[in-house]
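Peer 1: Sequence below, structure please.
(one chain, ligands or ions: 1)
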Amino acid sequence: MKQTLLIERFGTIALVGGLGFFALSVVIFAVIPVALMKEVKMVTIEEISQHVLPDFRDLAERYPEQFKKYFGEASPKTYAEALRLGRDVYIGEACWHCHSQFIRPVSNEDLRFGRVSYAGEHQTELQMPPLFGTRRVGPDLIREAGRHANDWQAAHLWEPKDVVSTSVMPSFKWFFDKPADPNGVPQPNKRGLALITYLQWLGSWAEPLDPPILPELASAKPAEAAPAKAETKVEAAPARKPQPATTNPYE
Ligand code: HEC
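Peer 2: Numbering: from 1, shown residues only. All right, here's what the predicted structure looks like:
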């Protein structure tokens, strides 16, 4: 009987092929991306917190007692603490289960949420682990900064239906301290303040829905381009850098 060489056996070919493709996928999905991303600097929380956003100072003025009790003063140090805790709460409460943090280059998502997400904006310590998300029961939050005021965020966390009547988002009442006066307004506690700080930071590097999405609006004055937004915006706007006039980072 003729003997089949080891190299000619089906099992050997399958094994070598399988290992080969496994190795190839490691190169394509791990080695190459890591090599490409090595050039992009990882921004630390300490670096981010050097620029204390006005939203954080606004929290200190809006909820003075709570803020003093939990954070003291609005400084880079307390800002870093709030951002870190806010991110941890966001993960711990599974906000990511319903919210993505990645604007995909499909389905005209940029019309709704702003510029398509790009690598650099996820290369920060606060984005580790990345919270891209795969489910979107609620809207994408990577450009949440300045979209609503701090008190809106607080009211929304207390009871989403109070501000958006059709909302299916659960209420998060444990982010608030019980007021001493039974008729008093509940004030956000440490985790509540931290979460709002984190939400107001998300996308603070980009003006919400700015530059104008439609090219014909690019030449219009800002007031004409977004009249409805003006009064709901937090004061933070001037500190934010304008984005280059493109919505497609691959251009
Ligand atoms: C069961 C799914 C679900 C979970 C869990 C959830 N959300 Fe939502 N969220 C929604 C939906 C739906 C909306 C849109 C309606 C609304 O504004 O309430 C929303 C809206 C929002 C908005 C307003 C977005 C905008 O720009 O108008 C914010 C901010 C938000 N959620 C934050 C959070 C945070 C923080 C958590 C975790 C503590 C969380 N969500 C957990 C479903 C969810």
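Peer 1: quick one: is the helix or strand hosting residue 191 near the ligand?
Peer 2: Using DSSP states H and E, residue 191 maps to helix 190-201. Yes - counting by Cβ under 6 Å from any ligand atom, the ligand is contacted by helix 190-201 at 195, 199. Glycine gets a C-beta too; all of them are placed from N, C-alpha and C.
Peer 1: same check, this time on stretch 143-156
Peer 2: Yes - contact between stretch 143-156 and the ligand, assessed by Cβ under 6 Å from any ligand atom, occurs at 144, 147.
Peer 1: Can you measure across that stretch, start residue to end residue?
Peer 2: 17 Å (Cα to Cα, to the nearest Å).
Peer 1: Likewise for stretch 115-124?
Peer 2: Using Cα to Cα, the two ends of stretch 115-124 sit 18 Å apart.
Peer 1: What residues of that stretch count as buried?
Peer 2: 115-117, 121-122, 124 (16 or more other Cβ atoms under 10 Å).
Peer 1: same question, stretch 137-145
Peer 2: Quick answer for stretch 137-145 (16+ other Cβ under 10 Å): 138, 140-145.
Peer 1: any idea how far residue 193 is from residue 36?
Peer 2: From residue 193 across to residue 36, the span is 37 Å (Cβ to Cβ, to the nearest Å).
Peer 1: make that residue 73, sorry
Peer 2: In terms of Cβ to Cβ, residue 73 sits 41 Å off from residue 36.
Peer 1: interface residues of the stretch 51-200 of the chain facing the ligand?
Peer 2: 90, 93-95, 97-99, 137-139, 141, 144, 147, 160, 164, 167-170, 172, 195, 199.
Peer 1: from those, which ones fall inside strands?
Peer 2: Within those, no residue falls in strands by DSSP state E.
Peer 1: Helix or strand: which one has residue 116?
Peer 2: Going by DSSP H and E, residue 116 is not part of any helix or strand.
Peer 1: Do I have it right that residue 67 meets residue 60?
Peer 2: Yes - under the criterion of Cβ atoms under 8 Å, residue 67 makes contact with residue 60 at 4.4 Å.
Peer 1: the more surrounded of the two?
Peer 2: Shown here are residue 67 and residue 60; by other Cβ atoms under 10 Å, residue 67 has more neighbours (23 against 19).
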